[in-house]
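Visitor: fold the stuff below for me.
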Amino acid sequence: MNRITSVEELKALLSPLAIYEDYLHLSQRGRRRSALCPFHKEKTPSFFVDTESGLFYCFGCHKGGDIIKFIEEIEKCSFEEAVSILARKAGVEFSRNRNQKETAEGKQREKLIQILSLSLKHFRESLKNAQENSPVKKYILERKINKQAIEELFLGYSGERGKLISLLLKEGFRKDECATAGILQEGKNGEYYEYFRERLIFPIFDLQNRAVGFGGRTLIGEEPKYLNTRETPVFRKRELLYGLNLSKDEIRKENRVILVEGYMDFLSLYTRGIKNCVASLGTSLTSTQASLLKRYTNNVVLVYDFDEAGKSAMERALPILLGQDLDVSIALVPEGKDPDEAIKLIGADEYKKRIENSMTFLEFIFYKYSKSNFISLEDKLKFLDDVAQNIAEINDPIKRDAYLNELSDRTGVKKGLITEKIEKMGKIHSVDRNLLNEKEFEIPEGEQLLIKALLSANNDYIKKILSIPEEVIQYLKTSSIITKLLNGIEITDELESRILAFVNNSCHDINGIKNLEGVIYRLKKDFLEKKRRELTAKLKEAKARGDNDLADIILRELSSTVANEAKNIENIRLELKESKDD
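Guide: Prediction:
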């Protein structure tokens, strides 16, 4: 397999249209192709691909960029993962030029993955060969874990001691390397022993289906009941969700994720037909995990244990999920102590109904305080504190305002007082510029045409644009993009890339050199008019302060600007006259 080392090499090997057509049905519209946008619901196509540049842009949801950005969005993956996907489509191996440190780290990670892969194979074989009266087989029978679950989730067994360490050493791995992978543990006397002993093994995979760690449930009453792989260079618990490699497509399809806590909860739901679920590795949810969920859906249903510990875990998870602007609801299933037990008691169909009838986070907090009936002022203040802390995490001002209205209506507390309380917490969020959507792309037509002229690589166009004074370029809204294009600098800023994709797919086109000259004239004229207005305002201010010296300087500059403006108008009048004479 050929190896390449740059993104540009990779993009040169691919047909952008072929990549888009792997996911979309494209229709021809001039030099552009259109399709229904895969990123939002619509009836009329607003997703466009420019056939020359290969850039895409959706006029509905405002997503745009190149094929790498498209793969990142459609596959919900990182830049590196998107490049790997495209490399596989191109039939090449992608390997960036890295420094010595990166190369060493990469080799170490590769070796750790090999150790974990071999360990997984061993655990699976151990479970397959375990005796029927062994602790693991008894536990599987007791918990009603069927063969389908064992196969789909690659379950294993850490049984007889010494076998795994012998296998790893035989394959040429050192003990310290196996300890770094989290498979062995170094004792006080310097001896190594196997980290997982007499446990049912739940392998934890990354999104590329590589085993990066394990969770183990004790079979002999040891503490802790569940043991996870320690933090390693390839296993960062806060960045992973159990089962996401299996359920991500179903989550995207359903546009909803069912979030549970433990391995057995996931196993029971997933193998009973609730495929859009994930588990938080049996630990408290992290903001990184919430951000990972947002790649696939905006809708999260929390289904935790029904005891006090489970409700407390939900309360901790709520602000983290709301802080990612996720729509959160809670399904309360009182049957059984946890989701695993509950779905076995009431069946999958009834369990799905409970999920459909889940309550909003605000209803959940009302439910939590329902016994108090808000009789005392203390109860009401405690309740408002609880709700305010969660509402304060919501970034979306419209969504936050809706919750504030509902809270005010249901409690009788004035909305202004609740808002004041939240403001005192210091958590009212300002609107991020990336939420501005359409306003980001209010690019004047003239600037769009300049960018299109530069992208055309037409030398006559570029010469004309190079004649534009630097001060005029700097006055433009897209000055940074135009300057980079003129100087051959790659555009890597995400917002600028999206603007570039938007412009490339807009309906405006350059129709010859005269059209471009008219565009440049209008841009110069706009610049001079703006400068004249600014200087006139400054002149009035200087005169009002009695600063005659400054007024004289501004007046001279103003006269020069007016003269340039008149000259610019005369030049374009002559050019238009010549055009008609031709």
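Visitor: ranges for the helices of the stretch 251-400 of the chain?
Guide: Remark: helices assigned in the stretch 251-400 of the chain by DSSP state H, counting those that start in this stretch are 263-270, 287-294, 308-322, 339-346, 348-356, 361-368, 377-391, 397-411.
Visitor: which of the ones you listed has the lowest average pLDDT?
Guide: For these, the bottom mean pLDDT is recorded on helix 377-391, which sits at a mean of 80.
Visitor: tell me the buried residues in that helix?
Guide: Within helix 377-391, the residues scored as buried using 16 or more other CB atoms under 10 Å are 380, 383-384, 387-391. Any C-beta I mention is one placed from the backbone N, CA and C, and that applies to glycine too.
Visitor: now stretch 71-79
Guide: Those would be 71-77, for stretch 71-79 by 16+ other CB under 10 Å.
Visitor: kindly report the same for stretch 474-489.
Guide: 475-476, 478, 480-482, 484-485.
Visitor: how long is that stretch end to end?
Guide: Using CA to CA, to the nearest Å, one end of stretch 474-489 lies 17 Å from the other.
Visitor: quick one: closest of the helices of the stretch 251-400 of the chain to residue 496.
Guide: Nearest to residue 496 among the helices of the stretch 251-400 of the chain is helix 287-294; the distance by CB to CB comes to 23.2 Å.
Visitor: which elements pack onto the closest one?
Guide: Secondary-structure packing of helix 287-294 (3 or more CB pairs under 8 Å, 6 or more residues apart in numbering; DSSP states H and E): helix 308-322.
Visitor: 10 Å instead?
Guide: The contact analysis (3 or more CB pairs under 10 Å, 6 or more residues apart in numbering; DSSP states H and E) places helix 287-294 against helix 244-254, strand 257-260, strand 277-279, strand 299-302, helix 308-322.
Visitor: the third one - what's its average pLDDT?
Guide: In this model, strand 277-279 has a mean pLDDT of 98.
Visitor: what average pLDDT does stretch 154-174 get?
Guide: pLDDT averaged over stretch 154-174 gives 94.
Visitor: secondary structure for the buried residues of stretch 71-79 - can I get that in TSV?
Guide: Shown next, in TSV, are these (DSSP: H, G, I helix; E, B strand; the rest coil):
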residue	secondary structure
71	helix
72	helix
73	helix
74	helix
75	helix
76	coil
77	coil
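Visitor: out of these, who's nearest residue 335?
Guide: Residue 335 lies nearest to residue 76 out of the buried residues of stretch 71-79, by CB to CB, at 33.7 Å.
Visitor: dump the residue contacts of the closest residue to that closest one other than its chain neighbours.
Guide: Distances taken as CB to CB, 6 or more residues apart in numbering place residue 295 nearest to residue 76, at 3.8 Å, with adjacent residues excluded. Residues near residue 295 by CB atoms under 10 Å, 6 or more residues apart in numbering: 72-73, 75-78, 207, 244, 248, 251-252.
Visitor: just the residues you listed: which has the poorest pLDDT?
Guide: Note: of those, the lowest pLDDT belongs to residue 76, at 76.
Visitor: residue contacts, it?
Guide: 82, 207, 248-249, 251-252, 292-297.
Visitor: and the pLDDT for the residue nearest to residue 357 when sequence neighbours are not counted?
Guide: Using CB to CB, 6+ apart and skipping residues adjacent in sequence, the residue nearest residue 357 is residue 331, 7.4 Å away. As predicted, residue 331 sits at a pLDDT of 95.
Visitor: gap between residue 331 and residue 62?
Guide: According to CB to CB, to the nearest Å, residue 331 stands 33 Å off from residue 62.
Visitor: shouldn't residue 34 be within a strand?
Guide: Yes - under three-state DSSP, residue 34 falls within a strand.
Visitor: and it, what pLDDT?
Guide: Reading off the model, residue 34 has pLDDT 90.
Visitor: again with residue 487
Guide: 77.
Visitor: equivalent analysis for the one 10 residues further on, please.
Guide: According to the predicted model, the pLDDT of residue 497 comes to 82.
Visitor: please apply the same query to the one 5 residues further on.
Guide: Residue 502 is assigned a pLDDT of 79 by the prediction.
Visitor: where are the low-confidence patches of the stretch 101-250 of the chain?
Guide: Applying pLDDT under 70 to the stretch 101-250 of the chain picks out residues 101-103, 106.
Visitor: hey, where'd the helices end up in it?
Guide: So, for the stretch 101-250 of the chain - with DSSP H, counting those that start in this stretch - the helices run 135-142, 147-152, 163-170, 175-180, 244-254.
Visitor: so who does residue 183 touch?
Guide: So residue 183 contacts 112, 115-116, 118-119, 122, 158, 164-165, 168, 173, 175, 177, 192, 194-196, 213-214, 229, 232 (CB under 10 Å, 6+ apart).
Visitor: same thing but at 6 Å, please
Guide: 119, 195 (CB atoms under 6 Å, 6 or more residues apart in numbering).
Visitor: over to residue 83?
Guide: Going by CB under 6 Å, 6+ apart, residue 83 touches residue 94.
Visitor: cutoff 10 Å now
Guide: Residue 83 sits next to 7, 10-11, 68, 71-72, 77, 94, 96 when contact means CB under 10 Å, 6+ apart.
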